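Participant: 3D, please:
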Amino acid sequence: MSYADTQYLDCVEHILAHGTHGNNRTGMPARKLPHQVMQFDLAQEFPILTTKFVAFKTAVKELLWIWQLQSNDVRRLQAMNCHIWDEWMLPDGTIGKAYGYQLAKYRQVDTLLDTLRRDPESRRMVVSLWNTEDLPEMSLYPCAFLTMWDVADGRLNCMLVQRSGDMGLGVPFNMTQYAVLVHLIARATGLTPGLFTHVINNAHIYDNHVDALRTQLARRDEALPAPRLVLKEGITDFYAFTPEDITLDGYEHLGKLAMEVSV
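Facilitator: A predicted model of the protein is given here:
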């Protein structure tokens, strides 16, 4: 059984059983619990759900759009046949000063890569997308907004902090794509992927996702083994990877579960 399924479904079950129900910005009521944590040893397993289909290629494209292209231009994402940001696109075709814009503005990715190569013992490797000054000019405040990086015994460890986590749709994407990011950064800096810790401050389940998630919980005992992440050999430049260079070997799942996005 995939350990990703085990941890994720434990969180879902806990929220449904003990969460607080209320309204929120989207207008779709949700049940929420604070401070949910999942942790994966990437040397042992790649975390992607098998109890439902996760669109891996779409997740990778969004990740590269933010971290590699460092773009806020939704049209660049649409050119990759990825439309998950269409709902938040502003008239100028962007999402404002959000996500990739903040990485480019302060050269945060280059700084991280340089520090990992020059001073891997540093305790100051932090990448933040939360810029209070620019928040009013973002079409959506960043959800997965903070990563903190650490190296121990040649292993690259990463903690992702997510202020708000839609358990039905967003979290399965985020856990998978940031695990990919750790692998890419590790390859680019000559390190081995280590621990990936995913912290969700406000983990919530929208009312219109409950039935689908109960169906997924019923599949728990049928969960399948985790696949293997494969990065194309020979690429050591973080900026050289394409979506085609990042694949899964042996990804099997128990089928799609339809859920609507709450905007």
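Participant: now the strands for the stretch 101-250 of the chain?
Facilitator: Taking DSSP state E, counting those that start in this stretch as the criterion, the stretch 101-250 of the chain contains strands spanning 126-128, 144-152, 155-166, 192-206, 228-231, 246-249.
Participant: Reformat these into CSV and put distance to residue 68, mean pLDDT and mean neighbour count next to each item.
Facilitator: Placement of C-beta: from N, CA and C, glycine included. Formatted as CSV, these follow (distance: least, CB to CB, whole Å; pLDDT from 0 to 100; neighbours: other CB atoms under 10 Å):
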stretch, distance to residue 68, mean pLDDT, mean neighbour count
strand 126-128, 13, 98, 16
strand 144-152, 14, 98, 18
strand 155-166, 16, 98, 21
strand 192-206, 17, 98, 21
strand 228-231, 13, 98, 16
strand 246-249, 11, 98, 16
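Participant: Please tabulate the ones you listed in a markdown table, including the columns distance to residue 32.
Facilitator: Formatted as a markdown table, those follow (distance: least, CB to CB, whole Å):
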| stretch | distance to residue 32 |
| --- | --- |
| strand 126-128 | 23 |
| strand 144-152 | 17 |
| strand 155-166 | 9 |
| strand 192-206 | 4 |
| strand 228-231 | 31 |
| strand 246-249 | 31 |
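Participant: wait, which of these is closest to residue 105?
Facilitator: Ranking those by their distance to residue 105 (criterion: CB to CB) puts strand 126-128 first, at 11.3 Å.
Participant: Helix or strand for residue 8, just tell me which one.
Facilitator: Residue 8 belongs to helix 3-18 when elements are defined using DSSP states H and E.
Participant: Parallel or antiparallel, which strands does the following helix or strand past that helix pair with?
Facilitator: The C-terminal neighbour of helix 3-18 among helices and strands, as given by DSSP H and E, is strand 20-22. Within its sheet, and counting by DSSP bridges, strand 20-22 is paired with strand 30-41 (antiparallel).
Participant: Any buried residues in the partner strand, and which?
Facilitator: Taking 16 or more other CB atoms under 10 Å as the basis for neighbour counts, the residues of strand 30-41 that come out buried are 30-33, 36, 38, 40.
Participant: Tell me the spacing between residue 150 and residue 142.
Facilitator: Distance, residue 150 to residue 142, by CB to CB, to the nearest Å: 22 Å.
Participant: and if you look at residue 243?
Facilitator: Distance check for residue 243 against residue 142: by CB to CB, it reads 22 Å.
Participant: any idea which of the buried residues of strand 30-41 is closest to residue 57?
Facilitator: Of all these, the one sitting nearest residue 57 is residue 40; the distance, using CB to CB, is 20.4 Å.
Participant: who's that closest one bridged to?
Facilitator: If you apply DSSP bridges, the partners that residue 40 bridges to are residue 196.
Participant: Might you report the residue contacts of the residue most central in space within the chain?
Facilitator: In the chain, the C-alpha closest to the average C-alpha coordinate belongs to residue 174, at a distance of 1.8 Å (CA atoms, centre = their mean). Contact criterion CB atoms under 8 Å, 6 or more residues apart in numbering gives 143-144, 160, 162, 165, 198 as the residues in contact with residue 174.
Participant: so how far is residue 162 from it?
Facilitator: Separation of residue 174 from residue 162 (CB to CB) stands at 6 Å.
Participant: Could you tell me which residues touch both of the two?
Facilitator: Counting by CB under 8 Å, 6+ apart, the residues touching both residue 174 and residue 162 are 143-144, 198.
Participant: Count the neighbours of the residue lying closest to residue 59 once chain neighbours are set aside for me.
Facilitator: Once its chain neighbours are removed from consideration, residue 59 has its nearest residue in residue 177; the separation is 4.3 Å (CB to CB, 6 or more residues apart in numbering). Per other CB atoms under 10 Å, the neighbour tally for residue 177 reads 23.
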